[in-house]
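J.: Return a 3D structure for these sequence lines:
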Amino acid sequence: MPSATAVAFRQLLGPIDTVAPSAPKVTRTFVIDGVRYERLLISGALGDIPAYSLCLDGPTERRPGLLALHSHDRQFDVGKSAVAGLYGDPSHALGLIAARLGFVVLAPDFPGFEDHRPSLSERKRNYALQGEGYERLMAMNALLWGRTLQGRIASDLHACVSVLSADPRVDPSRIFAAGHSFGGQEAIWTTVIDDRISGCLSSCGFSLVRLIAERNISHNMALYVPGLLPHLDFDEVLLGLGSRPFYAIAAEADAIYPVDGVRAAEARSQAAGRSASQNRFQYLEGPHAFATMAVRQGLEWLTASSARTVVRVDL
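T.: Here you go, the predicted model:
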């Protein structure tokens, strides 16, 4: 049963369109260094969702599943490919790291990124369909209809979790969400509102939104959920996880998600009774950055946590 916090947060997002689960269309399959890749088109309520599936080539037993979510970086031509290790530094590829640890990974594009945006010819004809302009356009158009960009993202990710749940390689009782930066933000929010997800990892992916606003830190458009403040900031939203495990990685000098907001959320969580077996907060020196070893440790901790019985409670 969703917690009261989860219900309240979901209501802020406006209508979240869902679609009956269906098998994704596989458009390409290949193997690189023992990892099997499938390029997928997932049927979503708002159109097809491009994604990569990754897993070790060969295993047949059911394995934990991971929804691996890409960062923002104002780099709209790259999304799922970076998470899958097909672009950029593979040591920073969360999905590839997870696949090598034994997860079955699903890495989708967020709306407005890589293959989940208007065609090149459409973008060339209309500047409003390019980069941050298109992200802003999606957010503003959603508001006109009483919806939110975050609600649109939630709709896509609901369809992605359905695909993971139906994958015969995946143990549906052990599905997790993880991401870095923007992806870490989305991993938290998706886990809070979707009880099919058993826990999550957020790498440099959250702080108190009121601090972000007070300090005039410009952020991704999905963060601006109308009515989020003052009562549903991240210190409150995290309580909506119930007893599901949560692993947070934070950077002491993070200029995007201030670390003092992370510490405040940790203190609130401890005061609410979440134990060390449910919460792990790891603080690293330096700026906002992907830390390969910390992410690997967090994924391993999530895997271990899935061996314990998880009892979800309303907070």
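J.: in this structure, which spans are helices?
T.: 4-12, 80-83, 94-100, 120-125, 131-144, 149-166, 182-193, 209-214, 234-237, 259-271, 292-305 (DSSP state H).
J.: So which of the ones you listed is nearest Thr60?
T.: Comparing the helices of the chain against Thr60 with Cβ to Cβ, the closest turns out to be helix 94-100 (15.6 Å). Every residue, glycine included, has its C-beta placed from N, CA and C.
J.: The closest one - contacts with which helices or strands?
T.: strand 35-44, strand 47-56, strand 63-69, helix 80-83, strand 104-108, strand 170-180, helix 292-305 (3 or more Cβ pairs under 8 Å, 6 or more residues apart in numbering; DSSP states H and E).
J.: which stretch among the ones you listed comes nearest Asp254?
T.: Taking the helices and strands packed on helix 94-100 one by one with Cβ to Cβ, strand 170-180 is closest: 11.8 Å.
J.: buried set for the closest one?
T.: Residues 170-171, 174-180 are the ones in strand 170-180 that count as buried (16 or more other Cβ atoms under 10 Å).
J.: same question, stretch 267-275
T.: For stretch 267-275, by 16+ other Cβ under 10 Å, it's 268-269, 274.
J.: re earlier: check the buried residues of strand 170-180 and tell me the two furthest apart.
T.: Pairwise distances across the buried residues of strand 170-180 peak at 24.3 Å for Asp171 and His180 (criterion: Cβ to Cβ).
J.: so how far does stretch 75-91 reach from one end to the other?
T.: 19 Å (Cα to Cα, to the nearest Å).
J.: And the average pLDDT for it is what?
T.: The predicted model gives stretch 75-91 an average pLDDT of 96.
J.: in that stretch, what counts as buried?
T.: 76, 78-87.
J.: Please verify my assumption that Ser277 contacts Pro245.
T.: Yes. When contacts are counted by Cβ atoms under 8 Å, Ser277 is listed as touching Pro245 (7.5 Å).
J.: and these two? which has more neighbours close in?
T.: Pro245 (24 against 12; other Cβ atoms under 10 Å).
J.: got the contact list for the more buried one?
T.: Taking Cβ atoms under 8 Å, 6 or more residues apart in numbering, we find Pro245 in contact with 198-200, 277-280, 301-302, 305, 310.
J.: now do 10 Å
T.: 176, 191, 198-201, 274, 277-280, 298, 301-302, 304-306, 308, 310 (Cβ atoms under 10 Å, 6 or more residues apart in numbering).
J.: So the residue nearest in space to the middle of the chain versus Pro168, what's the distance?
T.: Nearest to the mean C-alpha position of the chain, counting by Cα atoms, centre = their mean, stands Ala187 at 2.9 Å. Look at Ala187 and Pro168: by Cβ to Cβ, to the nearest Å, they are 24 Å apart.
J.: ok, now Gln130?
T.: Distance from Gln130 to Pro168, by Cβ to Cβ: 40 Å.
J.: Between the two, which has more neighbouring residues?
T.: Higher neighbour count among Gln130 and Pro168: Gln130, with 17 against 7, using other Cβ under 10 Å.
J.: Check the gap between that one and Ser119 for me.
T.: Taking Cβ to Cβ as the criterion, Gln130 is separated from Ser119 by 12 Å.
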